[in-house]
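J.: With the input below, show me the fold.
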Amino acid sequence: MKTIQLIKGFLLYVLKSLRLSAARLIGLLRKYLHRIQPNGEAEASILSYRLRLGISHRFNLMGLLLLACFLLLWMHVYKLQISRHIEFDHKALKVYSRHQLLPAQRGKIYDVDANILACDLASYDILVEPKRFAKLMPELLELSARHLQLDKRQLRDRLNRALEHRFACVAIDALSADKAIPLFKERLPGIDIEANPRAIPTTYQVLFYPQGLEKQLVDDIVERLLFYSPGCCRDTLNAKITQALGKQREIPLKLDVALDDAQKFMDAVKALRIMGVRAIETTRRSYPHDNQLANMLGYLDCNRVGVSGIEALFNDIMTPRSGKVESLVDRKGKPVGDGLRIITPPSNGADVYLSISQPLQQIVEEEMLPMLEQFKPDHAYAIMLNPATGAVMAAAQFPQFNPNQRDSMLPSALPNHAIYKCYEPGSIMKGLSVAIALDKRCVSLDSQYYCERGSWRYGGKTLRDTRGYEEMSVCGIIQKSSNIGVAKIALDLGEEALYKGLAAFGFGRPTRLGFYPENEAPRYFKNESPGLFRSLRSWDTLTVTRMPIGQGISTTPWQIIQAWSSLANGGVMMQPYIVEKIVYPDGRQVRTVPRVKTIPIARETSLLITEALKKVTQQGGTGTRAAVEGYEIAGKTGTAQIWENADPAKGIKGHYSTKKYFASFIGYAPADRPAFLLLVSAEYPKGPYRTGGVVCAPTFQRIAKRSLEYLQIEPDHGPEAETESFTIGTVDNPSIKGRR
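T.: Predicted coordinates for the structure are as follows:
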């Protein structure tokens, strides 16, 4: 709009000038005619008609010529200002306009209560040109150590390497092979010959590094280069050499410097008048809780692109869109006009709100530390889930990493192992297997089974219990975790019913943990493992007795907690999700809507299995260390031997290790009104006792106790009521007979 107004003003000025010039010309013409006009009739007769006509024609011709000149000038101005306005305006903008990017922030990550888990913080990148302060390098080293906590010796080496860096100029762009070979044989200092990068056949490029060479030697080399390439211009080649000698190498002194530290450092640099140091405002990704939830949150690479976890899953919508601003400057680079003009406004990335509760996450990670220190497992997991909605309340994994300290990030600690690493779950599968049998009405909780005094041979293999149990009820089998008892229950259930029941719990398929909005496509982790759940056709004789006790099937921790959520939620399995909502920069919010995934068992069955699982944490059960005073806990211990693959080179066959175990405890509290479902697992714990009841149950107890207090869940009973007896519900089916 301003440009059009300027054009209109200029055209009006031209027209006004033309009008004034024409008026002045007419006035001069009148004065001239008045001068030559005869004073009387006597003189008038002297001027002939032809003379007056000739004078008139001359003045008319002069007027036409002037009019034509003014018309041509006007047409030229019109062409410049109107017809070719856009073309010249673009050319002028390239010279007199400057463009800058307006930074925007990457989307933040919050917990369910809006506690920040990841955000962008303003910082500075400090860059230096060592050649410009070579004489003041000791002073700069001292300031860097004082304000930036940099090691003097390492920094001195970096700066010296930058000082020794040589810049090349392209002396000859395309040199034929017959000339390149003799030039190469001369071994001239600073000359490097390489294949032409523009892929011109049979030609070479000659690079010249003039740094450190005396002027006379440089002149001699120039003469030799001109000899091999007479088409080169001496002045052009000298200009390239001068440019190469004048280049300064800029290197980063330190990146992501805090605002206070950067300000103190730059003030000290200015006080000493050290040249060649500048600070660029930037942002860095900060994780306020350091290691906490690091494997699930993920981290960014050097280009601020999400590499793993939530950062990668929502990278497309969390990535900001930088704005663009334009300013006009004069020929000296000074701003002109009314300031900046925003071409494209910046747009921040979308914020992600997780279903995680940061206080619960902190409780989980703090209470896992004693287990890690005592048993030193290779990996350990703790997952807390709300079985009523499928919302993930906490998710811990060890070993961890601190995304704020990139130097300490070990590759082995970076992956989210709980999503894709599979294990044989062990005895925590017994709760699911017995639930299937109860749901199919082939057993009741008081059905009796003979447990063979701890050793039972079936299918050519021997199955053992930790103790020599004899006659036991189904409830007792769960409480004592009898392998033989569960195997016999599975035989009564049958292979097909067992397979369909386990498939209904979601085994063999990834949980697709992620974000499930109502009217948008879901987002979930793509690299999640489906586990190993063999089809019924590939089962052998032993499978029906081994899979119910957690052997011959591999699952991720997420698959286990998803399956158990149906036991705690009245038989209804909800879709697990970890993202509560997305908030876009324009204020629009998209929320997760809890979804029913499947209903693998009936509500009555879930109540029955819950009564049996309560016995596990009571006196006589395998998980008494998981009991929480005042609350009823339904849970199950699990101890699985880790399978070791065959090694033909060493003559070792594939076998179950007698030293390596995968220990677990899973349970929900309070048992009859679950506030959460919690799984604690440890891979390869060290020490004399490596069972789930010893390794993981105490950790479960500590986490559950603090979490129930934080959530303000009322106790089921006081301390004095713990000796009360509990009635076990049964399935009324007199035709059922126990297998002996």
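J.: where's stretch 217-230 relative to the chain centroid, distance-wise?
T.: Chain-centre distance of stretch 217-230: 53 Å, with Cα atoms, centre = their mean, to the nearest Å.
J.: Go through that stretch and flag the buried ones.
T.: Using 16 or more other Cβ atoms under 10 Å as the test for burial, stretch 217-230 gives Val218, Ile221, Val222, Leu225, Leu226, Tyr228, Ser229. For the C-beta atoms, the positions are set from N, CA and C on the backbone; glycine is no exception.
J.: The first one: what secondary structure?
T.: The reference is to Val218. Following DSSP: H, G, I helix; E, B strand; the rest coil, the label given to Val218 is helix.
J.: which ones are touching it?
T.: Each residue near Val218 by Cβ atoms under 8 Å, 6 or more residues apart in numbering is listed here: Pro210, Ile241.
J.: hey, where'd the helices end up in the stretch 201-350 of the chain?
T.: Along the stretch 201-350 of the chain, counting by DSSP state H, counting those that start in this stretch, helices occupy 215-228, 234-246, 259-271, 294-297, 309-313, 315-318.
J.: mind putting these in TSV, mean pLDDT included?
T.: As requested, the helices of the stretch 201-350 of the chain are exported to TSV (pLDDT from 0 to 100):
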stretch	mean pLDDT
helix 215-228	85
helix 234-246	79
helix 259-271	91
helix 294-297	95
helix 309-313	95
helix 315-318	95
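J.: Between those, which one is closest to Gln105.
T.: Across the helices of the stretch 201-350 of the chain, Gln105 has its closest neighbour in helix 315-318 (9.8 Å, Cβ to Cβ).
J.: How about that closest one, which residues are buried there?
T.: Asn315, Ile317, Met318.
J.: Now do the strands in the stretch 551-700 of the chain.
T.: 573-574, 579-583, 589-591, 596-598, 634-644, 655-669, 676-683 (DSSP state E, counting those that start in this stretch).
J.: what mean pLDDT does the host helix or strand of Thr545 have?
T.: If you go by DSSP states H and E, Thr545 is part of helix 543-546. Taken as a whole, helix 543-546 carries a mean pLDDT of 94.
J.: got it, and stretch 158-176?
T.: Stretch 158-176 comes out at a mean pLDDT of 79.
J.: Can you give the contact residues for it?
T.: 128, 130-131, 134, 137, 140-141, 183, 190-193, 196, 200, 202-212, 225, 228-229, 232, 237, 240-241, 243-245, 247, 249, 251.
J.: Restricted to strands, list those residues.
T.: Taking DSSP state E, the ones among the contacts of stretch 158-176 that sit in strands are Val128, Ile191, Asp192, Ile193, Thr203, Tyr204, Gln205, Val206, Leu207, Phe208, Ile251.
J.: Give me the most central residue, this protein.
T.: Gly306 (1.9 Å; Cα atoms, centre = their mean).
J.: Name the residues linked to that residue by a beta bridge.
T.: Leu300 (DSSP bridges).
J.: Counting neighbours, what do you get for Lys440?
T.: 17 (other Cβ atoms under 10 Å).
J.: so where's the chain shaky on pLDDT?
T.: Low-confidence segments of the chain (pLDDT under 70): 1-11, 14-15, 18, 29-52, 92-96, 197-201, 246-248, 330-340, 718-740.
J.: can you count the residues close to Ser565?
T.: So Ser565, with other Cβ under 10 Å, has 26 neighbours.
J.: measure it to Lys152 for me?
T.: Going from Ser565 to Lys152 by Cβ to Cβ, to the nearest Å gives 57 Å.
J.: same check, this time on Val590
T.: 52 Å.
J.: who's more crowded, the two?
T.: Taking other Cβ under 10 Å, Val590 and Lys152 do not tie; Val590 has more neighbours (17 against 12).
J.: so what's that one bridging to?
T.: Here Val590, judged by DSSP bridges, has bridge partners Ile582.
J.: isn't it right next to Val579, touching?
T.: No - using Cβ atoms under 8 Å, Val590 is not in contact with Val579; the gap is 9.6 Å.
J.: count of residues packed around the closest residue to Arg591 other than its chain neighbours?
T.: Excluding the flanking residues, the one nearest Arg591 by Cβ to Cβ, 6 or more residues apart in numbering is Lys581, at 4.3 Å. Here the count is done by other Cβ under 10 Å, and Lys581 has 17 residues near it.
J.: Repeat that for Pro698.
T.: Going by other Cβ under 10 Å, the residues that sit close to Pro698 add up to 18.
J.: what's the distance between Cys696 and Glu311?
T.: Using Cβ to Cβ, Cys696 is found at 30 Å from Glu311.
J.: Please identify which of those two sits among more neighbours.
T.: Neighbour totals were compared for Cys696 and Glu311, and Cys696 leads with 34 against 25 (other Cβ under 10 Å).
J.: check contacts around that one.
T.: Met371, Thr637, Ala663, Ser664, Phe665, Val680, Ser681, Ala682.
J.: repeat that for 7 Å
T.: Remark: with contacts taken as Cβ atoms under 7 Å, 6 or more residues apart in numbering, Cys696 is in contact with Ala663, Ser664, Phe665, Val680, Ser681, Ala682.
J.: Would you mind measuring from the residue nearest to the third one when sequence neighbours are not counted to Ala134?
T.: Excluding its sequence neighbours, the residue lying closest to Phe665 (Cβ to Cβ, 6+ apart) is Cys696, at 3.9 Å. Note on Cys696: its distance to Ala134, by Cβ to Cβ, is 61 Å.
J.: Repeat that for Gly231.
T.: For Gly231, the distance to Ala134 - Cβ to Cβ - is 38 Å.
J.: The two: which is more packed in?
T.: Ala134 (13 against 8).
J.: one step back: closest one to His289 among the strands of the stretch 551-700 of the chain?
T.: Comparing the strands of the stretch 551-700 of the chain by Cβ to Cβ, strand 579-583 comes nearest, at 17.8 Å.
J.: can you count the residues close to Gln154?
T.: Gln154: 9 neighbours (other Cβ under 10 Å).
J.: which SSE is it in?
T.: Counting by DSSP H and E, Gln154 is found in helix 152-163.
J.: Can you pull the domain assignment for the chain?
T.: The record's domain parsing of the chain by automatic domain parsing lists 2-83, 109-162+250-319, 166-246, 360-399+420-720.
J.: Can you name every helix or strand that the helix or strand where Gln362 lies contacts?
T.: According to DSSP H and E, Gln362 maps onto helix 358-375. Packed against helix 358-375 by the contact rule (3 or more Cβ pairs under 7 Å, 6 or more residues apart in numbering; DSSP states H and E) you find strand 379-385, strand 392-398, helix 697-710.
J.: how much space between Asp178 and Lys461?
T.: Look at Asp178 and Lys461: by Cβ to Cβ, they are 80 Å apart.
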